[in-house]
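Novice: got a predicted structure plus its sequence, pasted below:
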Amino acid sequence: MLGPNNYGKAEVRVLRVDRGADKHEIADLNVSVALSGDLAATHLTGENDNVLPTDTQKNTVYAFARDGIGSPESFGLRLARHFVDSQPSIERARIGIEKYAWDQNDRHSFARAGDVVDTTAVTYDGTTAWVVAGLTGLVLLNTTNSEFSGFIVDRYTTLAPTTDRILATSVDAEWRYSVDDADWPALREFARQALVGKFVTTYSYSLQQTLYQMGQAVLDEVPEVAEVRLSLPNRHHFLVDLAPFGLDNPGEVYFPADRPYGLIEGTVLREGAPPPGLAWSLRSGE
């Protein structure tokens, strides 16, 4: 006999941007839906008359986000009540929500709170020491002041140019010092502030341009740094088409895609800086 069962759409990623006159605010959620009720037929005979497709559940999350999210608790209540009250076959709905925290850098710029790892690599050859500092997992996002256009178009190109997009990345950075004795915590903080500050203030025409500006900012703000290496995945956010539900979407509801993604990597060097000598990057093995 059929025992307890449920079904639903798991881990629906949705980012909502509230574009206030003074500043932007974002709500970044991972929403999972589980429904149960009169669903024996679909299991026993394959009849789907009482089944609300999981794709429809995903679309409902996006459509409800168009009206605003508020607290995760209130958003979950709205969704659960909708699924049960609108579908006679659904007797119970369980909504699980994970909310990802962001710190606000400026009116339209954010940094993910948490998950940042500081890194250090020290190389010593018996005479000279090379010190490399860095960080991984620094997630940054600008809700505007980013565009991408003028690129090569060939027979396989489907990407449309855009003059206003979300720019998001997870920064992996390493910087090599030209000194072997310094106030390391202070220099690390200066470098981090330079990376974040330049991401905030750069009007981006490409993530490559942003990478160079960020690396140059570290060199400008921390004279003790000789070289900066950056790896910036482009965390794409696609505008959700709400037209099938009779809703517009004026740059408010997005699908944050985790893969595939563009990966932009590069090095910014100080002119005349001494060479690194021995291997300086534990992560790259170079």
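Specialist: Structure received.
Novice: I figured Val117 hits Leu138, correct?
Specialist: No: using C-beta atoms under 8 Å, Val117 makes no contact with Leu138, being 9.0 Å away. The C-beta positions use only the backbone N, C-alpha and C, and glycine is treated the same way.
Novice: so those two - more neighbours on which side?
Specialist: The neighbour count for Val117 versus Leu138, taken as other C-beta atoms under 10 Å, is higher for Leu138 (21 against 10).
Novice: list the beta-bridge partners for the more buried one.
Specialist: Beta-bridge pairing of Leu138 under DSSP bridges involves Val171.
Novice: next, give phi and psi for Leu211.
Specialist: The phi/psi pair for Leu211 (degrees, to the nearest 10) reads phi -60, psi -50.
Novice: kindly apply the preceding question to His24 instead.
Specialist: Taking degrees, to the nearest 10 as the convention, His24 sits at phi -100, psi 150.
Novice: count of neighbours near it?
Specialist: Burial measure for His24: 18 neighbouring residues, criterion other C-beta under 10 Å.
Novice: who's in contact with it?
Specialist: 17-18, 107-108, 143-144 (C-beta atoms under 8 Å, 6 or more residues apart in numbering).
Novice: if you rank these by neighbours, which is first?
Specialist: In terms of neighbours by other C-beta under 10 Å, the contacts of His24 top out with Thr143 at 24 neighbours.
Novice: against Thr210, how distant is it?
Specialist: 15 Å (C-beta to C-beta, to the nearest Å).
Novice: try Leu77
Specialist: Separation of Leu77 from Thr210 (C-beta to C-beta) stands at 39 Å.
Novice: same list (the contacts of His24) but as TSV, adding distance to Asn50.
Specialist: As requested, the contacts of His24 are exported to TSV (distance: C-beta to C-beta, whole Å):
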residue	distance to Asn50
Val17	36
Asp18	37
Arg107	48
His108	45
Thr143	41
Thr144	44
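Novice: of those residues, which belong to strands?
Specialist: 17-18 (DSSP state E).
Novice: farthest-separated two in the contacts of His24?
Specialist: Farthest pair in the contacts of His24 (C-beta to C-beta) is Asp18 and Thr144. Separation: 13.0 Å.
Novice: mind listing what's buried in the helix or strand containing Phe238?
Specialist: Following DSSP states H and E, one finds Phe238 within strand 237-239. Residues of strand 237-239 classed as buried by neighbour count (16 or more other C-beta atoms under 10 Å): His237.
Novice: within its sheet, name the partner strands of that strand and how each one runs.
Specialist: Strand 237-239 is paired, per DSSP bridges, with strand 253-256 (antiparallel).
Novice: okay, the strand it pairs with in CSV with CA atoms only?
Specialist: Provided in CSV are the C-alpha atoms of strand 253-256 (Å, rounded to 0.1, in the frame of the first residue of the first chain):
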residue,chain,number,x,y,z
VAL,A,253,12.5,39.5,-10.4
TYR,A,254,15.5,37.5,-11.5
PHE,A,255,16.7,33.9,-11.8
PRO,A,256,20.2,33.6,-10.4
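Novice: beyond it, next helix or strand please.
Specialist: Next along from strand 253-256, by DSSP H and E: strand 262-269.
Novice: ok, and for that following strand, which residues are buried?
Specialist: Buried-residue list, strand 262-269, by 16+ other C-beta under 10 Å: 264, 268.
Novice: what mean pLDDT does it have?
Specialist: Across strand 262-269, the average pLDDT comes to 97.
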